[in-house]
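In: structure, please.
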Amino acid sequence: MSLSSYLLVALVSATATIGSSAEESNGNGEPYEESLKLPLVNPRIVVTKSRRMLQLYSNGRVVRTYRVGLGLSPVEDKISAGDRRTPEGEFYICMKNPRSQFYLSLELSYPNQKHAERGLRDGLITPAQYNQIVSALNRRRVPPQNTRLGGELFIHGNGSQSDWTWGCVALDDKDIRELFHAVPVGTPVTIEH
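Out: Below is the predicted model:
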């Protein structure tokens with residue numbers, strides 16, 4: 001992404017008020033009663049896999065609930081590349097992609113330290129790869145995406161009607177549009193069973 005594109009995304013994220021009651025829904029197909037007020041205060045995201053639900057928080061209060069689709073193998077925690085599982089744990093938004101092949105996307109900081117520790121213990125990654133992951137996480141950067149643990153996991157668009165991704169969290173396009181503009185890079189994300 002060019003610097004001008006990044007600045008444009010940052011400007012829109014910081015100043016926009018997104019949505020209208022006629023366009024946006026509450027995850028149950030019902031329209032929201034009011035527009036999302038931006039900027040959010042201490043935003044965070046919680047995904048509950050068993051309920052196929054993403055909740056957006058501002059100042060400790062749920063301000064939106066969206067329906068989500070998950071990986072093709074949605075029940076278990078992610079272990080390795082290609083297992084089609086959606087990871088569980090604590091992450092952060094490490095990158096925003098306005099040109100995603102899945103409409104818009106927010107990259108998750110996967111693998112996190114817990115996944116890296118398990119991968120090192122189980123021989124999926126080397127000590128050097130483990131150190132690279134931990135270093136990136138400590139600097140709040142994108143961790144290495146090309147290890148046997150997998151990577152390139154996003155919250156993105158293209159539909160929430162079923163579990164169809166390779167481990168990502170999928171929203172309807174109108175919902176990812178609102179979320180994309182509401183949260184900055186660095187926003188904490190919890191994915192729970």
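
In: pretty sure Ile155 sits in a strand.
Out: Yes. Applying DSSP: H, G, I helix; E, B strand; the rest coil, one finds Ile155 inside a strand.

In: which pLDDT value goes with it?
Out: On pLDDT, Ile155 comes in at 98.

In: my guess is it contacts Leu171. True?
Out: Yes. Counting by Cβ atoms under 8 Å, Leu171 is a contact partner of Ile155 at 6.8 Å. C-beta here means a position set from N, CA and C on the backbone, and glycine is covered the same way.

In: what is in contact with the two at once?
Out: 54, 179 (Cβ atoms under 8 Å, 6 or more residues apart in numbering).

In: where does the chain have low pLDDT?
Out: Residue ranges of the chain with pLDDT under 70: 1-33.

In: the helices in it, which residues?
Out: All helices of the chain, identified by DSSP state H, fall at 3-15, 113-121, 127-138, 173-182.

In: contacting residues around the spatially most central residue of the chain?
Out: The centroid of the chain falls nearest to Ile155 when counting by Cα atoms, centre = their mean (3.6 Å). Applying Cβ under 8 Å, 6+ apart to Ile155 gives the contacts 45, 47, 54, 93, 105-106, 108, 168-171, 176, 179, 189.
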